[in-house]
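K.L.:
pasting the structure only:
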């Protein structure tokens with residue numbers, strides 16, 4: 001459809017803008033610790049601009065970059081919490097399609113294996129599955145016909161898609177949530 005081509009075309013242009021903004025800053029100006037850490041964290045918590053059906057568009061990456069700038073000097077736990085619910089990360093690793101009927105393990109695995117604990121550090125395949133279940137129901141509003149409860153490109157929680165059953169993650173038991 002024409003709208004689809006427009007979104008992809010605009011996304012391609014926006015992606016170039018993201019790159020053009022980083023390059024001169026790295027080349028021409030002495031960078032503050034905030035900018036250096038933003039660059040570091042953007043490489044550590046990897047996402048990428050994609051102008052295809054997954055639609056990780058430049059506005060999501062701009063917002064993610066803002067998280068790195070605002071939280072890059074804080075403790076790792078707060079930064080990980082912010083990135084976990086970041087729209088670019090949700091789209092890139094499939095968190096935006098993670099539902100109680102079809103848990104997506106991509107982010108749970110990357111969270112432990114690449115972003116925090118490291119491969120072979122004691123988490124199990126069961127922990128990966130439980131992380132996916134814990135994170136069900138988070139969405140990001142993009143260019144589509146679905147409502148954007150918090151505005152375009154913002155994340156929101158969809159209770160109907162969340163797995164409310166009991167879980168055990170890294171040895172910690174989480175009780176089932178009972179609707180009132």
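P.N.:
Everything's here; your move. Just so it is clear, the model here is predicted, and its values are computed rather than measured.
K.L.:
run through the helices of this structure in chain order.
P.N.:
2-28, 33-44, 58-71, 76-84, 87-92, 106-110, 125-134 (DSSP state H).
K.L.:
would you single out the least confident of the ones you listed?
P.N.:
Of all the helices of the chain, the minimum mean pLDDT falls on helix 2-28 (a mean of 51).
K.L.:
surely residue 108 touches residue 125?
P.N.:
No - counting by CB atoms under 8 Å, residue 108 does not reach residue 125; the two are 10.3 Å apart. Every residue, glycine included, has its C-beta placed from N, CA and C.
K.L.:
got the contact list for the most centrally placed residue in the chain?
P.N.:
Residue closest to the average C-alpha location in the chain (CA atoms, centre = their mean): residue 89, at 1.8 Å. By CB atoms under 8 Å, 6 or more residues apart in numbering, residue 89 lies in contact with 45, 47, 64, 83, 95, 107.
K.L.:
dump those residues into CSV; add neighbour count and distance to residue 157 as well.
P.N.:
Shown next, in CSV, are those (neighbours: other CB atoms under 10 Å; distance: CB to CB, whole Å):
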residue, neighbour count, distance to residue 157
45, 23, 21
47, 19, 20
64, 23, 19
83, 22, 16
95, 25, 12
107, 23, 15
